[in-house]
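Undergrad: Give me a 3D structure for the following:
(one chain, ligands or ions: 2)
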Amino acid sequence: MLTVEELSFGYTPDKENLSDINFTIYKGEMVSIVGKNGAGKSTLAKLLCGFVTQNHGSITLKGRNLADDTIKERAGYIGYVMQNPNQMISKPMIYDEVAMSLRLKGMTEEQVQEKVHEALKICGLYPFRNWPVSALSYGQKKRVTIASILVQEPEILILDEPTAGQDFRHYTEIMEFLKELNERGITVLMITHDMHLMLEYTERSLVFSEGHMIADTTPAKLFSDPQLLRRASLKETSLFELAKRCGLDSESYIEKFIRYDRQVRNK
Ligand SMILES: Nc1ncnc2c1ncn2[C@@H]1O[C@H](COP(=O)(O)OP(=O)(O)OP(=O)(O)O)[C@@H](O)[C@H]1O
Ligand SMILES: [Mg+2]
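TA: Ligands and ions are numbered 1, 2, ... in the order given. Down below sits the predicted model:
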């Protein structure tokens with residue numbers, strides 16, 4: 001679906017903030033992007049969306065190089081949900097916020113309504129369609145921003161810290177919702193500091209450190225590799241510690257735990 005090759009970028013000429021990044025994302029994957037503050041995760045998202053342009057390397061979507069596509073064109077296939085919904089929402093009414101990009105494309109109000117209603121239904125916001133944004137909770141606002149991206153029918157959804165600042169109930173609600181979207185065929189990339197999210201919801205992790213991608217691995221493998229964790233400045237989970245103390249193979253133990261946790265959660 002998406003191939004990044006030899007991608008390098010610096011905000012200023014004297015420093016590279018991302019160097020020689022290479023990876024391929026396959027259709028239908030749900031991948032986490034992890035690494036400490038300043039590692040370059042959001043910069044990567046900005047490059048994919050075309051907010052900034054690489055100094056070197058290429059981004060291809062289904063075999064087509066995106067170099068000449070405008071931000072607006074890319075938004076049609078790569079949707080970017082920023083961390084803070086309050087920075088994304090610009091209209092007072094929910095309906096208008098979700099409709100905005102479609103109206104800008106010049107669709108008729110009838111076409112707009114059909115798409116907006118569909119996206120609002122998927123996001124569980126249809127009953128609130130005539131409400132002002134200000135009446136919503138933080139988690140609901142997050143859903144509004146996801147709905148306003150979904151109406152554009154992207155093939156890839158990039159979410160920057162989808163669950164930051166949420167309590168456990170909203171965390172589960174948002175993550176189960178993203179899982180559902182993923183099961184509908186949308187490829188999902190999630191930038192996250194939340195190690196539990198990464199373990200429980202993603203099967204692959206791209207690990208960033210100081211502008212380099214230092215691993216493309218599974219979360220269970222990542223947590224069983226103390227050296228890699230240290231390089232990425234990530235904390236070992238208590239699961240790893242427990243496995244170690246019990247003399248168990250940490251990778252298979254973590255995998256088993258997560259499988260069990262998923263089963264129980266889905267009941
Ligand atoms: N607009 C900008 N101008 C100059 N430097 C920037 C700009 N935005 C980010 N940087 C720098 O680029 C590097 C990567 O930043 P980036 O925001 O991509 O990190 P991140 O991995 O998303 O971090 P966080 O986890 O804190 O969100 C950092 O050194 C940061 O200071
Ligand atoms: Mg960031």
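
Undergrad: what mean pLDDT does stretch 103-111 have?
TA: Mean per-residue pLDDT for stretch 103-111: 93.

Undergrad: what does stretch 119-128 give?
TA: Mean predicted confidence for stretch 119-128 is 90.

Undergrad: next one: stretch 200-214
TA: 94.

Undergrad: what about the helices in the chain?
TA: For the chain, the helices defined by DSSP state H occupy 41-49, 71-75, 85-88, 94-104, 109-122, 138-150, 168-183, 195-201, 219-223, 226-231, 238-245, 250-265.

Undergrad: What mean pLDDT does the last one get?
TA: Which is helix 250-265. Here the average pLDDT along helix 250-265 is 81.

Undergrad: repeat for the shortest one
TA: Per-residue confidence for helix 85-88 averages out to 89 on the pLDDT scale.

Undergrad: where does that helix sit relative to the chain's centre, distance-wise?
TA: 16 Å (CA atoms, centre = their mean, to the nearest Å).

Undergrad: Next: the first one.
TA: For helix 41-49, the distance from its own C-alpha centre to the chain's C-alpha centre is 11 Å (CA atoms, centre = their mean).

Undergrad: Now that helix - C-alpha only, CSV.
TA: The C-alpha coordinates for helix 41-49 follow below in CSV (Å, rounded to 0.1, in the frame of the first residue of the first chain):
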residue,chain,number,x,y,z
LYS,A,41,7.3,10.4,14.5
SER,A,42,5.1,13.4,13.9
THR,A,43,7.6,14.7,11.3
LEU,A,44,7.1,11.4,9.4
ALA,A,45,3.3,11.9,9.5
LYS,A,46,3.8,15.4,8.2
LEU,A,47,5.9,14.1,5.3
LEU,A,48,3.4,11.4,4.4
CYS,A,49,0.6,14.1,4.3
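
Undergrad: right, is it up against ligand 1?
TA: Yes. Under the criterion of CB under 6 Å from any ligand atom, ligand 1 is reached by helix 41-49 at 41, 42, 43. The way it works is simple: take the backbone N, C-alpha and C, and place the C-beta from them, glycine included.

Undergrad: circling back to that earlier point, can you put the helices of the chain in CSV and add distance to residue 55?
TA: Converted to CSV, the helices of the chain look like this (distance: least, CB to CB, whole Å):
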stretch, distance to residue 55
helix 41-49, 10
helix 71-75, 18
helix 85-88, 27
helix 94-104, 29
helix 109-122, 36
helix 138-150, 28
helix 168-183, 32
helix 195-201, 29
helix 219-223, 29
helix 226-231, 25
helix 238-245, 38
helix 250-265, 37
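
Undergrad: surely residue 235 meets residue 229?
TA: Yes. If you go by CB atoms under 8 Å, residue 235 and residue 229 touch, sitting 7.3 Å apart.

Undergrad: Residue 29: what's it in contact with?
TA: By CB atoms under 8 Å, 6 or more residues apart in numbering, the residues touching residue 29 are 1, 187, 188, 203, 204.

Undergrad: That's all I had, so thanks and see you.
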